[in-house]
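Engineer: below is the sequence, then the predicted model.
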Amino acid sequence: MSHLLVVMGVSGSGKSTIGAALSQRLRVPFADADDLHPEANVAKMARGEPLDDSDRWPWLEAVGRWLADRAAAGTGGVMSCSALKRSYRDQLRHHASETTFVLLEGGRDIIERRQASRPGHFMPPSLLTSQFSTLEPLEPDEDGVVLEVDQGVDAIVQAYVDTMDRRER
Ligand SMILES: Nc1ncnc2c1ncn2[C@@H]1O[C@H](COP(=O)(O)OP(=O)(O)OP(=O)(O)O)[C@@H](O)[C@H]1O
Ligand SMILES: O=C(O)[C@H](O)[C@@H](O)[C@H](O)[C@H](O)CO
């Protein structure tokens with residue numbers, strides 16, 4: 001089975017780290033939505049201003065195209081992308097309906113600590129409040145897996161693999 005995943009969550013939840021580790025474990029291509037932002041979006045976040053829906057729309061289109069290409073090629077893939085709102089996930093599913101969303105869930109304290117220990121990133125910790133208030137949890141009808149971030153990278157990857165094994169049985 002080729003996995004097509006979006007690893008999602010607020011800034012600092014570990015999307016880039018876990019996404020890369022999952023792609024290695026599953027032997028599928030990896031991409032980071034941070035690299036697909038238009039320059040204006042990166043500049044806006046770096047100024048400490050949250051993105052709005054109109055900023056995110058063209059960016060999510062680029063993310064969706066990547067997913068659609070992977071689906072068409074049948075390679076599977078892992079994309080790290082915040083995908084904070086249900087409507088954003090709907091937009092991505094419109095491109096690739098078979099996408100599974102992997103939500104990295106954690107409390108504000110641990111995520112704030114991790115962000116603080118990551119100097120040089122364009123995303124300022126001050127935007128964490130808007131990230132948490134924008135996040136809409138996965139709904140029951142969405143194909144999704146929730147993983148707790150309060151554990152090591154290998155344990156999080158293993159939790160994903162175990163969940164999928166149970167599903168396939
Ligand atoms: N499970 C983990 N255990 C310990 N440290 C972690 C874990 N996951 C991520 N980290 C660390 O936390 C920080 C944030 O992780 P990462 O950059 O992957 O998050 P992100 O969700 O991609 O953030 P952003 O969306 O802002 O780019 C990094 O310094 C990373 O090394
Ligand atoms: O949806 C958003 O608000 C943004 O995309 C952010 O989540 C960033 O992409 C990233 O997570 C910060 O590094």
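Structural biologist: Okay, I see it. Keep in mind that this is a model prediction, so the values were computed, not measured. Ligands and ions are numbered 1, 2, ... in the order given.
Engineer: against ligand 1, how distant is whatever residue of the chain ends up closest to ligand 2?
Structural biologist: Nearest residue of the chain to ligand 2, counting by C-beta to the nearest ligand atom: residue 82, 3.3 Å away. Where C-beta positions appear, they are placed from N, C-alpha and C, glycine not excepted. Distance of residue 82 to ligand 1, computed by C-beta to the nearest ligand atom, to the nearest Å: 6 Å.
Engineer: pretty sure that residue sits against residue 10.
Structural biologist: Yes - using C-beta atoms under 8 Å, residue 82 is in contact with residue 10, at 6.8 Å.
Engineer: which parts of stretch 9-25 are buried?
Structural biologist: Along stretch 9-25, these residues count as buried under the neighbour rule (16 or more other C-beta atoms under 10 Å): 9-23.
Engineer: mind checking how far that stretch is from the chain centre?
Structural biologist: 7 Å (C-alpha atoms, centre = their mean, to the nearest Å).
Engineer: try stretch 87-103
Structural biologist: So, by C-alpha atoms, centre = their mean, the centroid of stretch 87-103 is 11 Å from its chain's centroid.
Engineer: which outside residues touch that stretch?
Structural biologist: Defining contact as C-beta atoms under 8 Å, 6 or more residues apart in numbering, one finds that stretch 87-103 is touched by 3-9, 18, 22, 53, 56-57, 60-61, 63-65, 67-68, 70-71, 81-83, 137-138, 142-147, 160.
Engineer: three-state assignment of residue 28?
Structural biologist: Put simply, residue 28 is coil when judged by DSSP: H, G, I helix; E, B strand; the rest coil.
Engineer: residue 152 is in contact with residue 21, correct?
Structural biologist: No - counting by C-beta under 8 Å, residue 21 stays clear of residue 152, with 10.1 Å between them.
Engineer: about what we covered before: tell me which of the contacts of stretch 87-103 fall in strands.
Structural biologist: 4-8, 144-147 (DSSP state E).
Engineer: distance of residue 92 relative to residue 8?
Structural biologist: As for residue 92, its distance to residue 8 is 9 Å (criterion: C-beta to C-beta, to the nearest Å).
Engineer: mind listing the shared neighbours of those two?
Structural biologist: Taking C-beta under 8 Å, 6+ apart as the criterion, residue 92 and residue 8 both touch 81, 83.
Engineer: and the pLDDT at residue 1?
Structural biologist: You'll see residue 1 listed with a pLDDT of 58.
Engineer: next one: residue 130
Structural biologist: 95.
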